[in-house]
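Peer 1: generate a structure from the sequence data that follows.
(2 chains)
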There are 2 protein chains.
Amino acid sequence: MKLVFEDFEPGRSFALGPVAVTAQEIIEFATEFDPQPMHMDEMAGRASILGGLAASGWHTSALFMRMMAYGFLLNSHSQGAPGIDVMEWKKPVLAGDTLSGRSTVLESRAMRSRPGIGIARFKHEVHNQHGHLVCYCENWIMFSMRDTVEINP
Amino acid sequence: MKLVFEDFEPGRSFALGPVAVTAQEIIEFATEFDPQPMHMDEMAGRASILGGLAASGWHTSALFMRMMAYGFLLNSHSQGAPGIDVMEWKKPVLAGDTLSGRSTVLESRAMRSRPGIGIARFKHEVHNQHGHLVCYCENWIMFSMRDTVEINP
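Peer 2: Numbers count the residues shown, from 1 in each chain, chains lettered A, B, ... in the order given. This is a model prediction of the structure:
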């Protein structure tokens, strides 16, 4: 039975990752979406305030999304997210780093605008292999309620 | 001469895009980073509240990043961004959509913590081909100041 809205009680948390970040992936993502020198070239990264070949913040965010998908979303009746309230790229994610994290429910409520769907606010924390917080995020995610799922499984 | 911090005066704006979004790109991004059914399958998308094969919000954000890169960042002495203050996925981005947008400087100031670098707050608006706002974002972006660039070009 996949998780429904009612399962996302405040305080419940889900482990994310681990996921390894390679130089090749950093360069490939940057080439497509964020072709700034510090995300595509080791020497340019070292010369920048990032201190090395560093993932685009959007790449870190996309990797965090993958960690969330496999951490709990694919095992849920998720209906997507309306956006991001906070996204802080706290420290550079460098080639060779391994990321892991945790998503924690902060609050939840039924949606007035969408019958049968509830929405939960999460804080998400992603750390590197040194235990440093590299990414902090807060957002709302929508889930189908139990009654809706039992009618339309 | 690339843009330096001093060029990002409040009120100045930069056109973004256009960029076309294909079904194949939507599915490829989702397969790697956000493998939820509504981002990978037309029928699942139609059955969801998104109403069709819809790009992951993170894909929309990454496309917006690409539009910013070619719109002004690659022509600047950007030093990256510390994060995102607001990211609202206002409407689904569907296969076949064409996105365009505008980034506008809201305020700017020198950074006390990083001599020679200034930071500017932007609002970013991305529209689809129907003129509907699909993505709204606010964030701060760092740029080298003119004096720093002239010393270390």
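
Peer 1: all contacts plus neighbour counts: C-alpha atoms, from now on.
Peer 2: OK.

Peer 1: and residue A:115, how many neighbours?
Peer 2: For residue A:115, the neighbour count with other CA atoms under 10 Å in any protein chain shown is 11.

Peer 1: confidence score at it?
Peer 2: For residue A:115, the pLDDT comes out at 92.

Peer 1: which strand or helix spans it?
Peer 2: In the assignment (DSSP states H and E), residue A:115 maps to no helix and no strand.

Peer 1: ok, now residue A:50?
Peer 2: Remark: residue A:50 resides in no helix or strand, with elements defined by DSSP H and E.

Peer 1: list the residues that contact it.
Peer 2: A:38, A:92 (CA atoms under 8 Å, 6 or more residues apart in numbering or on different chains).

Peer 1: let's see it at 10 Å
Peer 2: A:38-39, A:44, A:91-94, B:79-80 (CA atoms under 10 Å, 6 or more residues apart in numbering or on different chains).

Peer 1: over to residue A:19?
Peer 2: By CA under 10 Å, 6+ apart, residue A:19 lies in contact with A:63-64, A:66-67, A:97-101, A:128.

Peer 1: just the C-alpha atoms of the strand or helix carrying it, please, in CSV.
Peer 2: In the assignment (DSSP H and E), residue A:19 maps to strand A:13-20. Presented in CSV, the C-alpha positions along strand A:13-20 are these (Å, rounded to 0.1, in the frame of the first residue of the first chain):
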residue,chain,number,x,y,z
SER,A,13,11.0,11.7,8.3
PHE,A,14,12.5,9.8,5.4
ALA,A,15,16.2,9.0,4.7
LEU,A,16,17.5,10.2,1.3
GLY,A,17,20.4,8.8,-0.7
PRO,A,18,23.3,8.1,-0.7
VAL,A,19,24.2,9.3,-4.2
ALA,A,20,27.7,9.8,-5.6
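
Peer 1: what's the first helix or strand after that strand?
Peer 2: The C-terminal neighbour of strand A:13-20 among helices and strands, as given by DSSP H and E, is helix A:23-33.

Peer 1: which elements pack onto that following helix?
Peer 2: If you count contacts as 3 or more CA pairs under 10 Å, 6 or more residues apart in numbering or on different chains; DSSP states H and E, helix A:23-33 packs onto helix A:57-71, helix B:57-71.

Peer 1: does chain B sit close to the first one?
Peer 2: Yes - Helix A:57-71 comes into contact with chain B when judged by CA under 10 Å from any CA of the partner chain, the residues involved being A:57-59, A:61-70.

Peer 1: taking helix B:23-33 as reference, get the angle to that helix.
Peer 2: Angle of helix A:57-71 versus helix B:23-33, following axes from the mean of the first three to the mean of the last three CA atoms, to 10 degrees, is 70 degrees.

Peer 1: restricting to C-alpha, output helix A:57-71 in CSV.
Peer 2: The C-alpha coordinates for helix A:57-71 follow below in CSV (Å, rounded to 0.1, in the frame of the first residue of the first chain):
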residue,chain,number,x,y,z
GLY,A,57,23.1,24.4,-7.7
TRP,A,58,20.3,23.3,-10.0
HIS,A,59,22.2,20.0,-10.5
THR,A,60,22.4,19.5,-6.7
SER,A,61,18.6,20.3,-6.5
ALA,A,62,17.9,17.8,-9.3
LEU,A,63,20.0,15.1,-7.5
PHE,A,64,18.1,16.0,-4.3
MET,A,65,14.8,15.4,-6.3
ARG,A,66,16.1,12.0,-7.3
MET,A,67,16.9,11.2,-3.7
MET,A,68,13.4,12.2,-2.7
ALA,A,69,11.8,10.1,-5.5
TYR,A,70,13.5,7.0,-4.4
GLY,A,71,13.4,7.9,-0.7
